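S.K.: Sequence below, structure please.
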Amino acid sequence: MTRNMKKCALIAIVLIPSFLWAQSYQKRLALVIGNSNYQNGGSLPNPVNDATAIATALQSVGFEVMKYQNVTQKEMKMAINTFGKKLTGYEVGVFYYAGHGIQNKGMNYMIPIEADLQTEEQIEFDCVAADRVLAYMDAAQVKVNVIIMDACRNNPFERSWHRSANGNGLAMMDAPTGSLIAYATAPGRVASDGAGSNGLYTSALLKYMGDPKLSIEQVFKKVRTEVTEKSAGAQVPWETTSLTGDDFYFAAANISKGALVKTEVLASNAETKNTVVKRDFNEVTEDNRKKASALLDEGHTAYNEENYVKAIELYTKAMEANPNYDEAYYWRASAKYTQKKYKEAIADYDKAIELNPNNEQAFYYRALTNYNLEAYRETLPDFDKAIELNPDVAIMHYWRGYVKQTLEHYEEAIIDFSKSLELNKNDGYSFAGRAYCYYMLLKYKEARIDYAKAIELALDDVSTYKYYRGICNYNLEHTQEAFEDFVSYLKKDPNNSYMLIMTAHSLFVLKDYQQATQYYTKAISVKPDYTEAYYWRGNAYFNLNRKSEAKRDVDKALSLDPKNETYAKFKRDNLN
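M.R.: As a prediction, this is how the structure comes out:
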């Protein structure tokens, strides 16, 4: 066994497309595993980094991600089993593995961190077969399945086995019909681990898989070009495909194919033919077009590295080379938006839209920029146009609904939140937005249902949702549930006087007068002139037959609000 293991990269992607592209593929699940700390072959520097980066990239395009690192065989099998069982009901499944891999008898295996393969007979017993993942995916009948294996393609153990079979690399995998398998390099060749924190192939994949305009085939074409150039031809990515049906886009979770194609065709026609879609064109040579495109790509690299100053500089140079380049204006605006230079971003979005009035993303982000400038009414025409150009993007409907909510147009906002949920049924924020609108319209039953769903789906703090659900529960006379919601909220904000008095009111209704007095007292300690708290604490004391304390509190309430007839009548009827 050799202890000088070279990190080698195989990327195997198996895609089983849907017959119906009209679906938005909203419900996406991914399992990501990275193994670096091998106990019997030396550690590999990049797999955990690669897996972390891929997990982040997948989350950014709408995937729910299960992430593991440095797993044993038992842990890897359990992770795959859990993923496979959970996958049923999802529309897209992705599996990513980074670490050592090996082939034996025509099958590919992932090597767990504790493996010590002294003989080839140990492989099927001590490793995990890649086919295990395929089997679960096939059984789940998910519309789109992707397997990505960034694994060592040579056999780090074979010199100790004294055999001549197999050799370097993994075997060519038999994928289901309508699939694509991509290798980081040609079969039997060793791939570069890369000089940075990620492998050469994975770095390129990360760069392009987030582009919503690139289909999976286009992603691999760009990856192949970049890897071939950066390795000076030593590493040429390799693909075999039997894809059928319509294209799949990693980053188009909410964007229909038709809208993407429409935007690309309109932009292409406008740029090459000076059609009416774009206006005020300058003559641009083919060399300058290529130069501008290269500068845009460099700008994207800087943007992805969060070097926005450099990105803006490169996008500006792209504009100078091709003044008609709407994408350069769009991306410079996006970089300025990220820097919170909203007014400067508006000017660039204006130009991008002038050059290409069919870019729904430019309208959408100009709307968000105006939102950040608190120019709420100015956002609505842009949201309207973005949705007109591409009605199948859930988040656009969400934000238009949120602006309408901000403007107190609650009925209209409900329509937008409902459309967002039609496109993405697991969006907790849309449930919360719609719930708040129902709440403001005093439709407590509907609000209570939506807040419950928002709490179930929420990715962040749910205390605010429980605040409002508690009020809904109280008004619907679900008093015990209201009390539980209020107490839950108070764990985050224990000095909220309104929540303290609502908790006390709930206890009063439940006839727990003693505990109610404690919460009324807390409310008074936070807000010493809280008239209502004094009055109701007096009521609670009266029900506990502590009339002197009751009279004291009601008198205090009357001193703060001497014209309150309710307080005066209670005193006359009960405390004189």
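S.K.: contacts and neighbour counts: CA atoms only from here.
M.R.: Will do.
S.K.: Which positions within stretch 476-487 qualify as buried?
M.R.: 479, 480, 481, 482, 483, 484, 485, 486, 487 (16 or more other C-alpha atoms under 10 Å).
S.K.: Secondary structure of the fourth one: a helix, I assume?
M.R.: Yes: counting by DSSP: H, G, I helix; E, B strand; the rest coil, residue 482 falls inside a helix.
S.K.: what's the spacing between it and residue 499?
M.R.: Residue 482 is 11 Å from residue 499, where distance means C-alpha to C-alpha, to the nearest Å.
S.K.: again with the fifth one
M.R.: Distance of residue 483 to residue 499, given as C-alpha to C-alpha: 10 Å.
S.K.: So for residue 2, what pLDDT did the model give?
M.R.: Residue 2 is assigned a predicted lDDT (pLDDT) of 36.
S.K.: Over to residue 90?
M.R.: 83.
S.K.: quick one, phi psi at it?
M.R.: phi -90, psi 160 (degrees, to the nearest 10).
S.K.: repeat for residue 424
M.R.: According to degrees, to the nearest 10, the main-chain angles of residue 424 amount to phi -140, psi 90.
S.K.: contacts for whichever strand or helix holds residue 365?
M.R.: Assigned by DSSP states H and E, residue 365 falls within helix 360-372. The contact list for helix 360-372 (C-alpha atoms under 8 Å, 6 or more residues apart in numbering) reads 330, 334, 337, 342, 345-346, 349-350, 352-353, 376, 378-380, 382-383, 385-387, 389-390, 396, 403.
S.K.: Please repeat the previous calculation with a cut-off of 7 Å.
M.R.: Here helix 360-372 makes contact (C-alpha atoms under 7 Å, 6 or more residues apart in numbering) with 330, 337, 342, 346, 349, 352-353, 376, 378-379, 382-383, 385-386, 389-390.
S.K.: remind me, longest helix of this structure?
M.R.: For the chain, the helix with the greatest residue count under DSSP state H is helix 286-304.
S.K.: Show me which residues of that helix are buried.
M.R.: For helix 286-304, the neighbour count (16+ other C-alpha under 10 Å) marks 288-289, 291-293, 295-303 as buried.
S.K.: I'd like to know which elements that helix is packed against.
M.R.: helix 308-321 (3 or more C-alpha pairs under 7 Å, 6 or more residues apart in numbering; DSSP states H and E).
S.K.: Flag every buried residue along the helix it packs on.
M.R.: Neighbour counts over helix 308-321 (16+ other C-alpha under 10 Å) mark 308, 310, 311, 312, 314, 315, 316, 317, 318, 319, 321 as buried.
S.K.: remind me which residues of the stretch 351-500 of the chain are low pLDDT?
M.R.: Low-confidence segments of the stretch 351-500 of the chain (pLDDT under 70): 459.
S.K.: hey, where'd the helices end up in it?
M.R.: Assigned by DSSP state H, counting those that start in this stretch, the stretch 351-500 of the chain shows helices spanning 360-372, 376-389, 394-406, 410-423, 428-440, 444-457, 463-475, 479-492, 497-509.
S.K.: Return the distance of the third one from the chain's centre.
M.R.: Averaging C-alpha positions (C-alpha atoms, centre = their mean, to the nearest Å) puts helix 394-406 17 Å from its chain's average.
S.K.: and it, which residues are buried?
M.R.: For helix 394-406, a neighbour-count test (16+ other C-alpha under 10 Å) marks 394, 395, 396, 397, 398, 399, 400, 401, 402, 403, 404, 405 as buried.
S.K.: Nearest to residue 56 among those residues?
M.R.: The shortest approach to residue 56 among the buried residues of helix 394-406 belongs to residue 395, at 19.2 Å (C-alpha to C-alpha).
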